[in-house]
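Colleague: Next comes the sequence, and after it the predicted model I'd like to discuss.
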Amino acid sequence: MSQMTMTPVQRRDVLRDDPLAQYSRMLEIRHFEELVNELFAQGEIHGTTHLCLGQEALAVGIAAELPTDHAVAATYRGHGVALALGMTPQVVLAEIMGRSAGCVGGVGGSMHLCDMSVGLLPTSAIIGAGIPIAAGAALAYQTLEEQSVAVAIFGDGAANIGAFHEGLNLAAVWKLPVVFVIDNNVYGEYSRIDRTTPFEDLHLRSASYGIPGVTVDGMDSDLVQDTMRVALERARNGQGPTLIEAKTYRFAGHSRADTAPYRPEGELEQWKKRDPLLVTKQRLLKKGAASEDQLDQLEATIKEELESVLDEVRSLPSPNPAAMFDHIYAEQVSV
Amino acid sequence: MSQMTMTPVQRRDVLRDDPLAQYSRMLEIRHFEELVNELFAQGEIHGTTHLCLGQEALAVGIAAELPTDHAVAATYRGHGVALALGMTPQVVLAEIMGRSAGCVGGVGGSMHLCDMSVGLLPTSAIIGAGIPIAAGAALAYQTLEEQSVAVAIFGDGAANIGAFHEGLNLAAVWKLPVVFVIDNNVYGEYSRIDRTTPFEDLHLRSASYGIPGVTVDGMDSDLVQDTMRVALERARNGQGPTLIEAKTYRFAGHSRADTAPYRPEGELEQWKKRDPLLVTKQRLLKKGAASEDQLDQLEATIKEELESVLDEVRSLPSPNPAAMFDHIYAEQVSV
Amino acid sequence: MGSMRMNQAIATALAEEMRENSSVIVMGEDVADAGGPFKTSEGLLKEFGPKRVRDTPISEMGFTGAAVGAAALGLRPVVEIMFVEFLGVALDAVVTEAAKFRYLSQGQVSCPMVVRASIGSGLGFGCQHSQTLENWVAATPGLKVACPSDPQSAYGLLKAAIRDPDPVIFLEPRALYASRGEVVTGPDGLLELGRARIAREGTKATVVTLGRTTSLTRAAAQQANLDIEIIDLLSLVPWDVKTVCASVKRTGRLVVIEEAPHSGGWGSEIISTITAQAFASLDAAPFRITAPDVPVPYQRDLEALYLPSESEIVRQLESYLVTGVVPQPWWTQEGIAR
Amino acid sequence: MGSMRMNQAIATALAEEMRENSSVIVMGEDVADAGGPFKTSEGLLKEFGPKRVRDTPISEMGFTGAAVGAAALGLRPVVEIMFVEFLGVALDAVVTEAAKFRYLSQGQVSCPMVVRASIGSGLGFGCQHSQTLENWVAATPGLKVACPSDPQSAYGLLKAAIRDPDPVIFLEPRALYASRGEVVTGPDGLLELGRARIAREGTKATVVTLGRTTSLTRAAAQQANLDIEIIDLLSLVPWDVKTVCASVKRTGRLVVIEEAPHSGGWGSEIISTITAQAFASLDAAPFRITAPDVPVPYQRDLEALYLPSESEIVRQLESYLVTGVVPQPWWTQEGIAR
Ligand SMILES: Cc1ncc(C[n+]2csc(CCOP(=O)(O)OP(=O)(O)O)c2C)c(N)n1
Ligand SMILES: Cc1ncc(C[n+]2csc(CCOP(=O)(O)OP(=O)(O)O)c2C)c(N)n1
Ligand SMILES: [Mg+2]
Ligand SMILES: [Mg+2]
């Protein structure tokens, strides 16, 4: 059964102990992002979009370890996280393309994805906003004595904003069951991290809150999963939050047409040698989990499936004007 | 010549290398605060007031080392800092008592003191606000190639707010000539630090910004002065900011009528053994700088002088209604 | 039913809602051990324990943001912002996150949270602790905004706010915390968000008030025996257009009395809306009685002048009722401002 | 004089002021190396170097606060807030600090700083990046607020803002960055804060616009040949009461056209003030043409509907000019909202 025809919860469950399923999801994210990039270039997508090319392993590593009843606060760079958590390419693409079948009816767009059936809170386009929000979700779990753990995923640039400091401090003081994941992809928009932050090893900032800080190779989903496991365990045991810094790299520009001319020469190429798809593929081959041919076939199938998802989404209707008046308050507003 | 009849700049200058003058200023602050406390209890002061009893050595130690052309961003708990920097008891009390002769014409009140002739920026009543502001003053010095250094003085509670994080990070990244001083008096309003912060040694937070963090006994003005000297030197040499944590203790309640019932038993008594006035007095006696009698006489004189300051301020006029329309914009607003 | 201060009415409402619904929690600076800087949560820690009544670090952005996440996951947090100015470091969490979470999830997520903030002048706290700042939140689809004017409305509206499925900003006039009044508790004491109340009946002009200006205006009307209809708005978003409009259609005149500076306040929204809807019924220009466009001054007499005082309200209303001409405020008088 | 895009006009104004006055500096996220996310600071880093053109960390509170301190100590910082929403984490620095520093120092300290922020919908950025939010800053004594409507006004007003001795919030309609127009540079191109301009003369109604609604309304008037006087406000604080009032006294009618949701916007301030001052001259109800009370929707057609479109402006104005009756907005039509 193709992952793309499963329900979001099934798509999530399938990841847990299945390296091939994980690889397949990473491929899906990779080709999804490339599709979106093309659609944007062709003017079929309105607004802006932030791709996570190169960061697929982090999303999938987290999702593989996390139960669906655990809340996640993520960001505008959220397609990969959404797909990894289980949302289907159909609803994500429909949202990005402004269709009423999109995960939030087409009124949100690329930066605003959500599916509570797999724990994804509305992604925020405000840097750092999700950090206290995840702490708050953890506060609900702690207060209601639920066993879930909340997760915040945010960028290296976000580690410089006040909400980072306040969110981590609050979570530490209250020993909240939350895991903070910095997706350190080396850039905030067009600025390399060394221009805006005194050092690059952001997990060291955990010391300010008296909580563990760990760093993990974010290009390797297995390592990510292992790191998450430990952090989730701590949280469940009442030991409070962990700060995980995943070292990744943004293969694309910041958004839309950014070609990232500001990169030091050779940096991208260096990182591409550790392309998460390559890392996983090599492991699968080494373990004999599949043959090179099988993996190539998998990739081809996924690309085809995404093409048909695109056809399907293209044929979907836009929301009616009335849709913009829905879901502002619990009670429908009368005008 | 009594310090109280000097100009603010003279009052500042006199502190530098004169231990007796410093002791005398600490006595002035102590008795000034006690006076304010009484006036408040009697209903002669309107609004609220935050005393710095027990924190006199920190204010005087900083002021003794700092030239008058160095900007200081301080807080609502600012009487002591203002007097230490050189402002006269007359203008500070007049402000607190809402007289037009107050340092900001009586429209500011206890929380809002200012005298740029000695570098004191308008004190802010918003926790943390002064931290980026001091960084900005340092930015002006750096950009205009001036030799001054900016200083921010704020509480332990302020180390939990976003502005602390953003201000220190910005100053570190730009290597700004600024010194951040945490007046760690153990409490934020009615909460002991262990309730709101993962650990008490706040200077450790400097690690998040790759800057030096030092701790100093804030009850000893000599040690404060020494610590400031090193930090100012670093800043002047282009080595960027320093975070100083001064360990002090708030002898009074947070504000107004707070009797601080929340203190652990014996804590106040323990700290009172290290009363900054006692520490300094003992040193002066040991050094033979003055006799016990002389110091007692000094204290008596200061109390008398403050009484006559009070008489004087009581006789001063309130501002006219028109005063509330002044200094909103550079150009007078016509209504 | 009993007489209580407004801060007690608030603490009572909180306690009752916490008893009724275990998902209600309270957090803010010094709300637990100390019972709140304004004693609006006295007794809660003792009854409900430290899990549901939480002292926070000084981190308005952090704990207001946390309230959003907690609300999304099943709690009903009531957050205390000690002085409304502190929203200046936390506005994102309410205006840009909480207010939009229902929309951005198409109904999957709701944020039943209340942000209580004390507002206003009158206690000598100076210009960074005396504003009302309704304008920071009032133009936000997705938020509701309420503002009580006495112990009863504080009790009744706060309960409604806590029960509401959407985020509510609850603005409490600080100068009224110590004011006393009879409070009907229980179901009869409950009020509805979005509903104004007629605080005095009259025929010659409709006078709309909010929060602290309600009692001031009532006192003014009594003192000078003014035949005015006072409408205490109670909710600012949504506000009760119907009640105000119906009254203006009867009286033909509209005055709004605000505590904040003249420019940019909520009063213009009332006037603009009503003028559009009931222009033909107006027999004189509607106008606002407000504070002047200045930061709130500290000094006692100046601060007392800042607020539209009872005597200023009488002066302006009397003149308006007689002449139908918009009166000049006190500060345009000779010798005040230049 | 030459034709340029609005973002170029802004960069030109910045460069000229930086040349003229060495205390002018520019800071914000990606304003230096990248020339600004909207290319409003292109070329500045090269000409003025990294001390005067600074890329900041993502710390709006930090660098806006730093601008306050820098301004107090002799610089004239121009800060870029990429999207006005980000003021939600930095509002304290402008409203509670910068705006009050002159008052709280009784003139010892001034804060000649400019906070530039892009505003508005139209580019598909979704509801957290498309608001105008003038109300966050417009009710603050001590702040000035300006909003250009084309390259010329961006150039002329920004220069005035930088030269102004007080803090100015400069709101730039994002959808206009790419719009082109002739720009008179130099002294003749300078504009004055607080002064509106008549963008079209006419006799049947005064129509007040700001920012993006100016060109929309002008196009609507041309297209439908409407005999209206369009006043482009340009400054919101202080705003040009005199010009608007004089026009309304001539035309007898007033309409305000706003990009933001209906409730709580700046338009009601105009209507309320003018109604109080010129009630006798009004021969029909003044009203606002605005967006509906919804978060800005992402989808292209919905977003286009959100803004008062040219055709909606024509429809409402034509109906009003003929009947004198306040028209119903599009969203009250059958089948739209319930
Ligand atoms: C408060 C705030 N400031 C600025 C922005 C504009 N912005 C959007 S993405 C971005 C860069 C963020 O960098 P990082 O946190 O590293 O995340 P990444 O984009 O690399 O995933 C910035 C500055 C924003 N959305 N919110
Ligand atoms: C942003 C903000 N939040 C809350 C307050 C209310 N408040 C005033 S003083 C204070 C305690 C501050 O503690 P600390 O920083 O340790 O300084 P201290 O009062 O001990 O000098 C608080 C919470 C405030 N003024 N500003
Ligand atoms: Mg990044
Ligand atoms: Mg303290």
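Modeller: Yes, it's here. Ligands and ions are numbered 1, 2, ... in the order given.
Colleague: What residue in the stretch 101-250 of chain C comes nearest to ligand 4?
Modeller: Nearest to ligand 4 in the stretch 101-250 of chain C, going by C-beta to the ion, is C:His129, at a distance of 17.9 Å. For every residue, glycine as well, the C-beta is placed using N, CA and C.
Colleague: now do the stretch 201-338 of chain C
Modeller: Per C-beta to the ion, C:Tyr298 is where the stretch 201-338 of chain C lies closest to ligand 4, at 23.2 Å.
Colleague: Now do the contacts for that residue.
Modeller: Under the criterion of C-beta atoms under 8 Å, 6 or more residues apart in numbering or on different chains, the contact list for C:Tyr298 reads B:His46, B:Gly47, B:Gly98, B:Gly106, B:Val107, B:Gly108, B:Gly109, B:His112, C:Gly124, C:Phe125, C:Gly126, C:Cys127.
Colleague: Would you mind naming what in the stretch 51-200 of chain A lies close to chain C?
Modeller: Contact residues, the stretch 51-200 of chain A versus chain C (C-beta under 8 Å from any C-beta of the partner chain): A:71, A:73, A:103-105, A:107-108, A:112, A:114-116, A:121-122, A:124, A:126, A:129, A:131-144, A:150, A:162-163, A:165-167, A:169-170, A:173-174.
Colleague: what about the residue nearest to the spatial centre of chain A, which helix or strand?
Modeller: In chain A, the C-alpha closest to the average C-alpha coordinate belongs to A:Val81, at a distance of 2.3 Å (C-alpha atoms, centre = their mean). For A:Val81, the enclosing helix or strand under DSSP states H and E is helix A:79-85.
Colleague: Which neighbouring elements make contact with that helix?
Modeller: With contacts defined as 3 or more C-beta pairs under 8 Å, 6 or more residues apart in numbering or on different chains; DSSP states H and E, helix A:79-85 has these neighbours: helix A:19-41, helix A:56-65, helix A:89-96.
Colleague: For C:Val244, see how far away the residue lying closest to C:Arg253 once chain neighbours are set aside is.
Modeller: Excluding its sequence neighbours, the residue lying closest to C:Arg253 (C-beta to C-beta, 6 or more residues apart in numbering or on different chains) is C:Ala205, at 3.8 Å. When C-beta to C-beta, to the nearest Å is the yardstick, C:Ala205 and C:Val244 sit 12 Å from each other.
Colleague: So for those two, which residues contact both of them?
Modeller: Contact criterion C-beta under 8 Å, 6+ apart; residues bridging C:Ala205 and C:Val244 by contacting each: C:Leu254.
Colleague: and C:Leu158, that's in a strand?
Modeller: No. Residue assignment for C:Leu158, taken from DSSP: H, G, I helix; E, B strand; the rest coil, gives helix, which places it outside any strand.
Colleague: Single out the most deeply packed of the helices and strands packed on helix A:79-85.
Modeller: For the helices and strands packed on helix A:79-85, the largest average neighbour count (mean count of other C-beta atoms under 10 Å in any protein chain shown) is found in helix A:56-65, namely a mean of 29.
Colleague: Not counting its own residues, what contacts that helix?
Modeller: The set of residues that contact helix A:56-65 without belonging to it, under C-beta under 8 Å, 6+ apart, is A:12, A:15-16, A:22, A:25-26, A:29-30, A:52, A:72, A:80-81, A:83-86, A:151, A:153, A:181, A:183, A:218-225, A:227-229, A:232, A:246, A:248, A:276-277, A:279-280.
Colleague: Low-confidence regions, the chain specifically.
Modeller: Looking at chain A here, since you left the chain open. Within chain A, the stretches falling below the threshold (pLDDT under 70) are A:333-335.
Colleague: Sorry, I should have been clearer: chain C.
Modeller: When the per-residue scores of chain C are filtered using pLDDT under 70, the ranges that remain are C:1, C:337-338.
Colleague: Show me the residues of the stretch 51-200 of chain A next to chain C that map onto strands.
Modeller: Using DSSP state E, the members of these that fall within strands are A:Ala73, A:Ala150.
Colleague: now that we have the contacts of C:Tyr298, which one has the most neighbours?
Modeller: B:Gly109 (32 neighbours; other C-beta atoms under 10 Å in any protein chain shown).
Colleague: what secondary structure does the closest residue to that residue other than its chain neighbours sit in?
Modeller: Ranked by C-beta to C-beta, 6+ apart and with sequence neighbours excluded, the top spatial neighbour of B:Gly109 is C:Tyr298, at 3.3 Å. Secondary structure of C:Tyr298, reduced to three states by three-state DSSP: coil.
Colleague: show me the contacts for C:Gln299.
Modeller: Remark: with contacts taken as C-beta under 8 Å, 6+ apart, C:Gln299 is in contact with B:His46, B:Gly98, B:Arg99, B:Gly106, B:Val107, B:Gly109, B:Ser318, B:Pro319.
Colleague: wait, doesn't the fifth one sit right on C:Leu302?
Modeller: What it means is B:Val107. Yes. With contacts counted by C-beta atoms under 8 Å, B:Val107 reaches C:Leu302, the gap being 6.7 Å.
Colleague: and stretch C:185-198, how far from the chain's centre?
Modeller: Relative to its parent chain, stretch C:185-198 has a centroid offset of 14 Å by C-alpha atoms, centre = their mean, to the nearest Å.
Colleague: so what's residue 132 up against?
Modeller: If you meant another chain, say so; for now it's chain A. With the criterion set at C-beta under 8 Å, 6+ apart, A:Pro132 makes contact with A:163, A:166-167, A:170, C:61-66, C:68-69, C:93.
Colleague: The intended chain is chain C.
Modeller: Shown here is C:Thr132, whose contacts under the criterion C-beta under 8 Å, 6+ apart are C:Val84, C:Ile119, C:Gly120, C:Leu171, C:Gly211, C:Glu258, C:Glu259, C:Ala260, C:Gly265.
Colleague: Check the spacing between it and chain B real quick.
Modeller: Applying C-beta to the nearest C-beta, to the nearest Å, the value for C:Thr132 to chain B is 17 Å.
Colleague: Give me the three-state assignment for that residue.
Modeller: Local secondary structure at C:Thr132 is given as coil here, using three-state DSSP.
Colleague: ok, so what distance separates it from C:Tyr306?
Modeller: Counting by C-beta to C-beta, the gap between C:Thr132 and C:Tyr306 amounts to 12 Å.
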